[in-house]
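[1] Compute the structure for the input listed below.
(one chain, ligands or ions: 2)
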Amino acid sequence: MSEKRSEINQLGEFGLIDRISKRFNPKNQSSVKGIGDDAAVIEAGDDCVLLSTDMLVEGIHFDLSYMPLQHLGYKAVAVNVSDIAAMNGKPEQITVSLALSNRFSIEAIDTLYEGIRAACDNYKVDLVGGDTTSSVSGLIISITAVGRAKKEKIAYRTGAMTGDIICVTGDLGGAFIGLQVLEREKQVFLANPQMQPDIERYDYMVKRLLKPEARTDVVFELEELGVQPTSMIDISDGLASELFHISRNAGVGIRIYEDKIPVDGGVYETAVEFGLDPITCALNGGEDYELLFTISKDDFEKVKNHPDIHFIGYVHERKNENSLITKNGNEVPLKAQGWDHFQ
Ligand code: ADP
Ligand code: MG
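    Ligands and ions are numbered 1, 2, ... in the order given. Now for the predicted structure:
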């Protein structure tokens, strides 16, 4: 008798997570928030502990032919810290787990850990444990980050409310364009190994991909300004995909304006050079690790002069009606492509 076999790509990443989550109910009162946000929330005395984990797999998330190990170490920490920041929390500890093949030397691992240490110093987190094992081929690095926040400070994806203003930090699409640049240079190099890579002009976007920063600075600044975001998420899969998470989780609709989406000038030009639409890159390119959050209209005065926070639209009550107002004033439905590892 043959067993039924269903392909994972029928569900996609989010469908699979939903399916897993439906089968587990929390048993402990301390589990305040389980699956479904950037980090889990666990009650611990007066504060809550935030817990998030992310795995980077060689050949899927990074290519060592252009990702220096030091940057990889840094990025692996930054993306986890970013998920703690996305709860409006402060990161405190990480654990690092590695699966390694014998392709890697001691020196290579030292270099990886130099990057991990630099990130620990920058984000003021402590490396407190991990696990080391072998892999048949390639490198897998899994990091768990632990953070802390006061219960009332935590910003969930579910909190966005009608009338809220949608905010984005930094600029978007850079990491995706950086990836296009590096992929192109890799092909040029493979065709002619004598060619020196010509990437100086593209420094900013290459850095956005190789060495992203978690926006913990914004978490501190919002606190100083006395602004409590009503919802927050980090932009790992692309702005559009994250807006859909906010919309679905909060049961609201969102409307954003094309001309308000922040794109760096050099990123814009390079997108055009590659024959890509810069706004599509900003909407659907991933890995910028900026923060997307909503604030009450009443808080707008407090943040309106912040140089690195952009106001891209607002929240309305028509659930799942998510749209983009184009530069010439047309309203088009927003599409979320994001990344799907199973396609
Ligand atoms: P992020 O992009 O912020 O890292 P993910 O999309 O990876 O978030 O995950 C969304 C939610 O699903 C998180 O709460 C995460 O902990 C949970 N999750 C992801 N994969 C699994 C899994 N295999 N089992 C249980 N929960 C998972
Ligand atoms: Mg996240």
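[2] can we go C-alpha only for contacts and neighbour counts from here?
    Fine.
[3] what's near enough to touch the closest residue to Lys260 other than its chain neighbours?
    Once its chain neighbours are removed from consideration, Lys260 has its nearest residue in Ile312; the separation is 4.9 Å (Cα to Cα, 6 or more residues apart in numbering). For Ile312, the contacting residues are 165-168, 256-258, 260-261, by Cα atoms under 8 Å, 6 or more residues apart in numbering.
[4] Locate Ile312 within the secondary structure: which element?
    Secondary structure assignment for Ile312, by DSSP states H and E: strand 309-316.
[5] Tell me the gap between that strand and the middle of its chain.
    Between the centre of strand 309-316 and the centre of its host chain there is 19 Å, according to Cα atoms, centre = their mean, to the nearest Å.
[6] interface residues of the stretch 101-250 of the chain facing ligand 2?
    Asp234 (Cα under 5 Å from the ion).
[7] Find the closest residue to ligand 2 in the protein.
    When distances are taken as Cα to the ion, the chain approaches ligand 2 most closely through Asp38, which lies 4.2 Å from it.
[8] my read: that residue touches Ile235, true?
    No: the pair Asp38 / Ile235 is not scored as a contact, 10.4 Å apart, by Cα atoms under 8 Å.
[9] before we move on, back to that, helix, strand or coil for the residue of the chain closest to ligand 2?
    Under the three-state scheme (DSSP: H, G, I helix; E, B strand; the rest coil), the conformation of Asp38 reads as coil.
[10] Skip the chain neighbours and tell me the closest residue to it.
    The nearest residue in space to Asp38 (Cα to Cα, 6+ apart) is Asp83, at 5.1 Å.
[11] does the one you found count as helix, strand or coil?
    On the three-state scheme (three-state DSSP), Asp83 is labelled helix.
[12] ditto for Ile143
    With three-state DSSP as the criterion, Ile143 reads strand.
[13] residue ranges for the helices of the stretch 51-200 of the chain, please.
    Assigned by DSSP state H, counting those that start in this stretch, the helices in the stretch 51-200 of the chain fall at 69-85, 106-123, 174-191.
[14] Identify, out of those helices, the most deeply packed stretch.
    When you average the neighbours per residue for each of the helices of the stretch 51-200 of the chain (mean count of other Cα atoms under 10 Å), helix 69-85 leads with a mean of 27.
[15] Please state the offset of it from the chain centre?
    In this view, helix 69-85 has its centroid 10 Å away from the chain centroid, taken as Cα atoms, centre = their mean.
[16] just checking, Asp298 is part of a helix?
    Yes: note on Asp298: a helix contains this position according to three-state DSSP.
[17] Burial check on it, number of neighbours?
    Asp298 is surrounded by 10 other residues when neighbours are defined as other Cα atoms under 10 Å.
[18] if I look at the residue most central in space within the chain, how far off is Gly266?
    Nearest residue to the geometric centre of the chain (Cα atoms, centre = their mean): Ser236, 2.3 Å. Summarising the geometry, the distance separating Ser236 from Gly266, computed by Cα to Cα, to the nearest Å, is 21 Å.
[19] Could you do Asn88 as well?
    If you measure Asn88 against Gly266 using Cα to Cα, the figure is 30 Å.
[20] and these two? which has more neighbours close in?
    Asn88 (31 against 16).
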